[in-house]
Structure formats: structure tokens, C-alpha cells
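Engineer: Sequence and predicted model, in that order:
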Amino acid sequence: MPLLKSLYRSGLWIAGPVFGLGLALLVFSIAGVSRAVRRAEITSVTLAERQELEFPAAGRVILCSESPRLSRRFAGLGYALVGPGGAEIVGRRVAFRTVRADFGKVRMAYAEYILPRAGHYVLEVRGLPERYAPDERFSVAFMRPYLGRSMAGVAGILVSAFLLVGSLVLFFLRFLDKAKRPRGGTGPAREGP
């Protein structure tokens, strides 16, 4: 309890540095999430019935759809990824679909594949209408998994929001408390909550 009273009494002086720390953490966390997403992207191609892709390394990749908001173009589509030897790579549906929304586009994770080696692959999209004409607004992207790195950034954003709001509340509580004190020393000063 004495620690809380001490913090409250020093509230006007503590609030400024805590606000600055929260603001710096917010900028750092948002930049970290953005950087993690950019580094995770491997390739992006326009949605078409058949696309040839080149993967620089083996390992896990996630197939994502990219489309304008509220589009139903990807509903009911199936995907097949054919490896360098002609064998189909079996994918599995993503348990926790990550969704990333920018100003005009939404990217949603659909399936995860484990590539046995780097090289040339073919993506086949099943379920497109017969007379489908490729449209640049709709694309398929492949990414490396980045959920862990982005969740660390989200945690940083939450902590920074707590610091920012907490410092503002402390500042205004202490400021209003000082404003209520009688001038000229007539009466006891309040110690805080």
C-alpha cells in the first residue's frame, strides 16, 4: 500500500515517462508485426486455374487468398499443389485461420503444405467457373508461418495500450487532485486513494 501511495503522489512526474515508454513500445510492436508479415511472404500469383511457382526452400508454407473485402470469389474452391516429380503434395486445412486486412484487401490463410524440397511446383485451383477470366484483384499467396512472431507483436501492442491509458489516467487523477486542494494551506492535503 505505501508503494501505491508513493506512486500516486509522484503521479505527475511518473506519467510522462510511462506515456513515452508506452508510445515507443506501441511503435516498435506495430513495426515488428508488419516486418514479420513482409518477411513471411514467399510469392503471390493471380488466381487462375493453373499457376507455376518457384519455391526457394523446402519446409512449411501456408496458402492464403487475397481479395477485396466481402468477396465470395474463393468460396468453394479447392487447391492442389503438384511437386517437381509430378506427385501431389497433400495439404491440410489451417486450424486457426489468420486474417489480415489492409485498406482494400483481405488475406486469409486456407491450407498448409510441407514442401519436400525447393524447386518448381504447379498450383491447380479447382472449382472456378468455366469462363473465369483472371482478375488482378484476386490472388493466391504462399507464406512462411508467422503466427508466433505476430502474436508477440500483438502482446506488445496490448502492453503498450495498458501503459498509455494507465499513464493518462494517473496524470489526470493527480492533476485533478492537485487542482482540488485548497490554496494557502488551510486544511489538510489529501494523500490519495
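Structural biologist: Everything's here; your move. All of these numbers come straight from a predicted model, not from anything done at the bench. Numbering: from 1, shown residues only.

Engineer: list the buried ones in stretch 33-45?
Structural biologist: Val33, Ala36, Val37, Ala40, Ile42, Thr43 (16 or more other C-beta atoms under 10 Å). All C-beta atoms are positioned from the backbone trio N, CA, C, and that covers glycine.

Engineer: Would you mind putting those into JSON lines with distance to Asp135 alongside?
Structural biologist: Formatted as JSON lines, the buried residues of stretch 33-45 follow (distance: C-beta to C-beta, whole Å):
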{"residue": "Val33", "distance to Asp135": "29"}
{"residue": "Ala36", "distance to Asp135": "29"}
{"residue": "Val37", "distance to Asp135": "23"}
{"residue": "Ala40", "distance to Asp135": "25"}
{"residue": "Ile42", "distance to Asp135": "22"}
{"residue": "Thr43", "distance to Asp135": "18"}
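
Engineer: In strands, which of the residues you listed appear?
Structural biologist: Within these, residues falling in strands by DSSP state E are Ile42, Thr43.

Engineer: could I get the buried residues of stretch 33-45 as a markdown table with pLDDT and distance to Val122?
Structural biologist: A markdown table is the format used below for the buried residues of stretch 33-45 (pLDDT from 0 to 100; distance: C-beta to C-beta, whole Å):
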| residue | pLDDT | distance to Val122 |
| --- | --- | --- |
| Val33 | 82 | 32 |
| Ala36 | 79 | 28 |
| Val37 | 76 | 26 |
| Ala40 | 79 | 22 |
| Ile42 | 84 | 15 |
| Thr43 | 84 | 13 |
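
Engineer: Who is Gly53 paired with across the strands?
Structural biologist: Wrong residue type there; residue 53 is Leu, not Gly. Tyr121 (DSSP bridges).

Engineer: quick one: pLDDT of it?
Structural biologist: Per-residue confidence for Leu53 comes out at a pLDDT of 88.

Engineer: on that earlier part again, pick out the most distant pair among the buried residues of stretch 33-45.
Structural biologist: For the buried residues of stretch 33-45, the maximum inter-member distance is 21.0 Å, found between Val33 and Thr43 (C-beta to C-beta).

Engineer: Quickly name whichever of the buried residues of stretch 33-45 is closest to Lys178.
Structural biologist: Val33 (38.8 Å).

Engineer: ok, now which ones touch the closest one?
Structural biologist: Arg149, Ser150, Gly153, Val154, Ile157 (C-beta atoms under 8 Å, 6 or more residues apart in numbering).
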